[in-house]
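**Student:** below: sequence and its predicted model.
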Amino acid sequence: MEWKTGKRKAEKDELAGSMIFFTMEPEAPDLDLIEVEQKCEAVSRFTKSMDDGVKDLLNVGQEHWKRCTGPLPKEYQKIGKALQNLSLVFSTSGYQGETDLNNAITEAGKTYEAIANLVEEQPKKDLHYLMETNHEYKGFLSCFPDIISAHKAAIEKVKESDKLVATSKITQQDKLNMVKRVSTMSFALQAEMNHFHSNRIYDYNSVIRLYLEQQIEFYETIAEKLKQALGRFPVM
C-alpha cells in the first residue's frame, strides 16, 4: 500500500516538469531574451555534437571489440600454428645442427598463441570501461532535446508576449513574469550544464587515462613475450 500512496503523491506533484522552475530564485539579475536564446542555442549545439561524437566512438569501439574477440586472435593463432608446423618439418631433416633453431621456432609459435589470448581478453580490461562511460553519456544526452525544446518553446512565448499585451490577452505584468521565468529557466539550464561539464571532464579524463594505461601494459606484455621468444634463437 505504501508504494501506491507514493505513486499517487508523485502523480499529484504540482512541481513536476517545468513547474519546478517556480521554486527557483536566482540571485543574479534577470537575463535579457537575446542572452537566454544564445545560451540555449549553445547548449543545443554542444549536446548535439557530443551526442554524435559519443555514438561514433561507440560504433568504433564495438567494431574493435568484434575484431579483438574474433578475427584478430585467429590471425595470431594461425601464425603460431604455422611456425610450429614449420618447426616439425625442419625436425624431419635428420640434420643434427638445428635442434636449437627448431625449439626456438616452436616457442615463437607458442608465443603467438599466447598473444592471441591476450588480444582476446584485452577489451575487458580497457575498452569495456570506455564503452560503459559512453553508454552512460549517451543516456544523459538523450534527455537534452526535450529540455531544450521546453526552453525554446518558452522563449517563443516571450517573443509573442508584446502581441498578447497589445491584444489585451495578457497584462504587462504577465509579460514581465514570463520574462523572469524564462530567465530562471536559463539559469537552471546553465547550472545543469556546468554540473554536466564538470562530471564530463572528470569521467572522460579518468576513463581515457585508464584505457591508455591498460593499452601500454598490454603492448609491453606483448613486447616482453616477443623479446623472450627472440632470445631463444641462436646468434650466428
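**Tutor:** In hand now; what should we look at?
**Student:** isn't residue 65 right up against residue 127?
**Tutor:** Yes. Look at residue 65 against residue 127 with CB atoms under 8 Å: they come within range, at 5.9 Å. Glycine gets a C-beta too; all of them are placed from N, C-alpha and C.
**Student:** give me the most central residue, this structure.
**Tutor:** residue 134 (1.8 Å; CA atoms, centre = their mean).
**Student:** that one sits in which helix or strand?
**Tutor:** For residue 134, the enclosing helix or strand under DSSP states H and E is helix 127-141.
**Student:** run through who's touching that helix.
**Tutor:** Applying CB atoms under 8 Å, 6 or more residues apart in numbering, the contact partners of helix 127-141 are 47, 50-51, 54-55, 57-58, 61-62, 64-65, 68, 196, 200, 203-204, 207-208, 210-211.
**Student:** let's see that helix as CSV, backbone CA atoms only.
**Tutor:** The C-alpha coordinates for helix 127-141 follow below in CSV (Å, rounded to 0.1, in the frame of the first residue of the first chain):
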residue,chain,number,x,y,z
LEU,A,127,37.6,-0.9,-23.9
HIS,A,128,34.8,-2.2,-21.6
TYR,A,129,35.1,0.9,-19.3
LEU,A,130,35.4,3.3,-22.2
MET,A,131,32.2,1.9,-23.7
GLU,A,132,30.4,1.9,-20.4
THR,A,133,31.1,5.6,-19.9
ASN,A,134,30.0,6.4,-23.4
HIS,A,135,26.8,4.4,-22.9
GLU,A,136,26.1,6.4,-19.8
TYR,A,137,26.6,9.7,-21.5
LYS,A,138,24.5,8.6,-24.5
GLY,A,139,21.7,8.2,-22.0
PHE,A,140,22.3,11.6,-20.4
LEU,A,141,22.5,13.3,-23.8
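**Student:** check the residue nearest to the centre of the chain and give its pLDDT.
**Tutor:** On pLDDT, residue 134 comes in at 98.
**Student:** would you mind listing the buried residues in stretch 143-157?
**Tutor:** Under the neighbour-count criterion of 16 or more other CB atoms under 10 Å, stretch 143-157 has 144, 147, 148, 150, 151, 154, 155 buried.
**Student:** helices or strands up against the helix or strand that contains residue 34?
**Tutor:** In the assignment (DSSP H and E), residue 34 maps to helix 33-69. For helix 33-69, the packing partners by 3 or more CB pairs under 8 Å, 6 or more residues apart in numbering; DSSP states H and E come out as helix 99-121, helix 127-141, helix 144-159, helix 172-231.
**Student:** rerun at 6 Å
**Tutor:** helix 127-141, helix 144-159, helix 172-231 (3 or more CB pairs under 6 Å, 6 or more residues apart in numbering; DSSP states H and E).
**Student:** can I get these in CSV including distance to residue 109?
**Tutor:** Formatted as CSV, the helices and strands packed on helix 33-69 follow (distance: least, CB to CB, whole Å):
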stretch, distance to residue 109
helix 127-141, 27
helix 144-159, 53
helix 172-231, 9
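**Student:** of those, which is nearest residue 36?
**Tutor:** Nearest to residue 36, of all the helices and strands packed on helix 33-69, is helix 172-231, at 4.3 Å by CB to CB.
**Student:** relative to helix 99-121, how tilted is the closest one?
**Tutor:** 170 degrees (axes from the mean of the first three to the mean of the last three CA atoms, to 10 degrees).
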